[in-house]
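Trainee: here is a sequence together with a model predicted from it:
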Amino acid sequence: MNCVYLSKHPSGATKAMQNAQPTASHFINGAYVEDTDGAPIECIYPATGKVIATLHEATPAIVDQALSAAKAGQKIWAAMTGTERGRILRRAADIIRDRNRELSVLETLDTGKPLQETLVADATSGADALEYFGGLAGSITGEHIQLGQDWVYTIREPLGVCVGIGAWNYPTQIACWKGAPALACGNSMVFKPSETTPLCALKIAEILHEAGLPAGVYNVVQGRGAVGASLVIDPRVSKVSLTGSVPTGRKVYAAAAERMKHVTMELGGKSPLIIFEDADIDNAVSGAILGNFYSSGQVCSNGTRVFVQKDIKKAFLKRLKERLEGAVMGDPLDEATNFGPMVSADQMNIVLGYINKGTEEGATLVAGGKMADLDGFFVEPTVFADVTDGMTIAREEIFGPVMAVFDFETEEEVMARANDTEFGLAAGVFTNDLTRAHRVVAGFEAGTCYINTYNLAPVEAPFGGSKASGVGRENSKEAINHYSEVKTVYVAMTPVESQF
Ligand SMILES: NC(=O)c1ccc[n+]([C@@H]2O[C@H](COP(=O)([O-])OP(=O)(O)OC[C@H]3O[C@@H](n4cnc5c(N)ncnc54)[C@H](O)[C@@H]3O)[C@@H](O)[C@H]2O)c1
Ligand SMILES: O=CCc1c[nH]cn1
């Protein structure tokens, strides 16, 4: 039965993880479930390239089992009060915080992200979501509308069974950002993690049940795209929330639309970060580093198109180069490491391909530009300057540690260039001119904007994209609207006046 195992690991992490690892491929109806008929999924530790766990894709029987459990579990869950539901979600948040270290190690093993990051950004962000939506669960209500003697009341109802499909960059966070609002509203969820990072969501399911979640309310099944596609089209499913690339988003949105299902689409980006000459250069360099090299550049909202006003270009690049000396690449489980590998060999090769294109198309390589001399899938933090708008590295999402620096002269010019993209996930501006800062963000065609900072995503604030980058918003009270719908009830206080 126990087909998930973490094999020996040079850093000794395995020993510490004996009690923390998931014990089977799927979590359904409150328990781990295995079905070795499913095709194997190898979980590869990105810092060594070695297989650390082997799981199995969900077979059609497993998918059916998960959806049936979710259908039955949702009825029990929705019948509880919001306060009762919230208490369980908040208890899960507390358990996650208590086990932050072991969950962070698991996140690092799943993704290769440095433990220095995962200790503060992943399980903690998941706990924030469960705590925040747990707190809201008791106050998800409709309204009363008086119409003379008559009146209308509305009921905010859950949608039913929701499917969550995750990307590989934030496996714990994505499992919680989707699960917490869905469950707060009284829905159940079947979550399919990315096949590249299958481990973390299983622990979230296990902890939710330990906190008292009724069986069947949060289930996890493994699989590649075909498993995701089979979940999306199942008639038992009312809503699909995807975090992934734009091409996958188009397919999933189309399949959901065909069946008139609700969707949230959290997709890719190529976000602009504009640095005006009056900005504090050190602060702007910090923003550009955070917005390009955190999680080794594998963050959807990264400000990968850095527009620097011409007069400060030299000073900006000089300071940026100095600050890159601070990158510490190496064993992600060593807390001194602050820059990890790409999640997979495939992603590393995609990123190296873009770096070659940048050079071939005439951009100036300022830093990095190659694999690091280490085991695993490491690519150096890379900066190109003199990038022009038509270059491939200026137009396509790379999803790796590659910053493209552009020159600009005027605000009007840079705004037109910043918005000249199919994407609209995020955008940022560094300036000390407050009027300009607000004028610039008003002009951005993007769902999430930053003034004098970058990439923060607290649960209290809506997060999501415009244009091809997405539909709907995660986090904040906004997410409640995306996991519930309103029923209108008209109450007449006088007899009906019919026309004949
Ligand atoms: N906007 C956001 O919040 C956000 C957050 C993280 C990542 N992302 C984006 O995710 C992408 C990187 O992640 P990825 O490579 O895992 O993305 P991906 O699109 O390849 O895969 C995402 C998920 O979709 C599944 N999938 C693939 N085809 C499917 C189909 N036809 N039907 C249903 N499911 C299917 C995959 O198995 C995976 O679980 C980047 O574009 C990044 O910007 C966006
Ligand atoms: O990867 C996208 C989601 C995100 C942004 N900042 C932190 N998480």
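Mentor: Perfect, thanks for sending it. Ligands and ions are numbered 1, 2, ... in the order given.

Trainee: what about the residue of the stretch 401-500 of the chain found nearest ligand 2, which SS state?
Mentor: Going by Cβ to the nearest ligand atom, ligand 2 is nearest to Ala457 of the stretch 401-500 of the chain, at 3.8 Å. To be clear about C-beta, it is placed using only N, CA and C from the backbone, and glycine gets the same treatment. The three-state assignment at Ala457 reads coil, by DSSP: H, G, I helix; E, B strand; the rest coil.

Trainee: who does the nearest residue to it once chain neighbours are set aside bridge with?
Mentor: Leaving out its chain neighbours, the residue that sits closest to Ala457 by Cβ to Cβ, 6 or more residues apart in numbering is Phe463, at 5.2 Å. Phe463 has these beta-bridge partners by DSSP bridges: Glu474.

Trainee: what sits against Phe463?
Mentor: Contacts for Phe463 (Cβ atoms under 8 Å, 6 or more residues apart in numbering) come out as Glu266, Ser301, Gly447, Thr448, Ala457, Arg473, Glu474, Asn475, Ser476.

Trainee: same thing with Val405?
Mentor: Val306, Val308, Lys313, Phe316, Leu317, Val366, Val383, Phe384, Ala385, Asp386, Val387 are the contacts of Val405 under Cβ under 8 Å, 6+ apart.

Trainee: cool, Tyr45 as well?
Mentor: His9, Val51, Ile52, Leu109, Gly112, Gly376.

Trainee: what number of residues lie near the residue lying closest to the fifth one once chain neighbours are set aside?
Mentor: If you skip the residues right next to it in sequence, Gly112 has Pro46 as its closest partner in space, 3.0 Å away by Cβ to Cβ, 6+ apart. Applying other Cβ atoms under 10 Å, we find 29 other residues in the vicinity of Pro46.

Trainee: does Ala418 touch Gly303 like I think?
Mentor: No - counting by Cβ atoms under 8 Å, Ala418 stays clear of Gly303, with 10.1 Å between them.

Trainee: in the sheet, who's paired with the residue lying closest to Tyr450 once chain neighbours are set aside?
Mentor: Counting by Cβ to Cβ, 6+ apart, Tyr450 lies nearest to Gly428, which is 3.8 Å off, once chain neighbours are set aside. For Gly428, the beta-bridge partners are Leu273, Tyr450 (DSSP bridges).

Trainee: from here on, call the first residue 890.
Mentor: I'll keep to 890 as the first residue from here, and by that count the last item is Gly1317.

Trainee: and Gly1317, what is it in contact with?
Mentor: Listed by Cβ under 8 Å, 6+ apart, the contact set of Gly1317 reads Ser1160, Pro1161, Leu1162, Ile1163, Gly1176, Gly1180, Gly1192, Cys1338, Tyr1339, Ile1340, Thr1342, Tyr1343.

Trainee: in TSV: those, plus pLDDT, neighbour count and distance to Ala955.
Mentor: Shown next, in TSV, are the contacts of Gly1317 (pLDDT from 0 to 100; neighbours: other Cβ atoms under 10 Å; distance: Cβ to Cβ, whole Å):
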residue	pLDDT	neighbour count	distance to Ala955
Ser1160	98	33	35
Pro1161	99	27	40
Leu1162	99	27	41
Ile1163	99	28	45
Gly1176	98	24	42
Gly1180	98	24	37
Gly1192	98	29	38
Cys1338	98	16	38
Tyr1339	98	23	38
Ile1340	98	15	43
Thr1342	98	13	40
Tyr1343	98	26	38
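
Trainee: dump those to CSV, plus distance to ligand 1.
Mentor: As requested, those are exported to CSV (distance: Cβ to the nearest ligand atom, whole Å):
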residue, distance to ligand 1
Ser1160, 10
Pro1161, 15
Leu1162, 16
Ile1163, 20
Gly1176, 19
Gly1180, 13
Gly1192, 13
Cys1338, 14
Tyr1339, 15
Ile1340, 20
Thr1342, 18
Tyr1343, 15
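
Trainee: return the closest of those residues with respect to Asp1039.
Mentor: Cys1338 (43.4 Å; Cβ to Cβ).

Trainee: hang on, the closest one packs against Gly1332?
Mentor: No - counting by Cβ under 8 Å, Cys1338 stays clear of Gly1332, with 9.9 Å between them.

Trainee: quick check: phi and psi on Ser1077?
Mentor: Note on Ser1077: its backbone torsions stand at phi -110, psi 170 [degrees, to the nearest 10].

Trainee: so it touches Val1052, yeah?
Mentor: No - counting by Cβ under 8 Å, Ser1077 does not reach Val1052; the two are 10.2 Å apart.

Trainee: thank you kindly, that will do.
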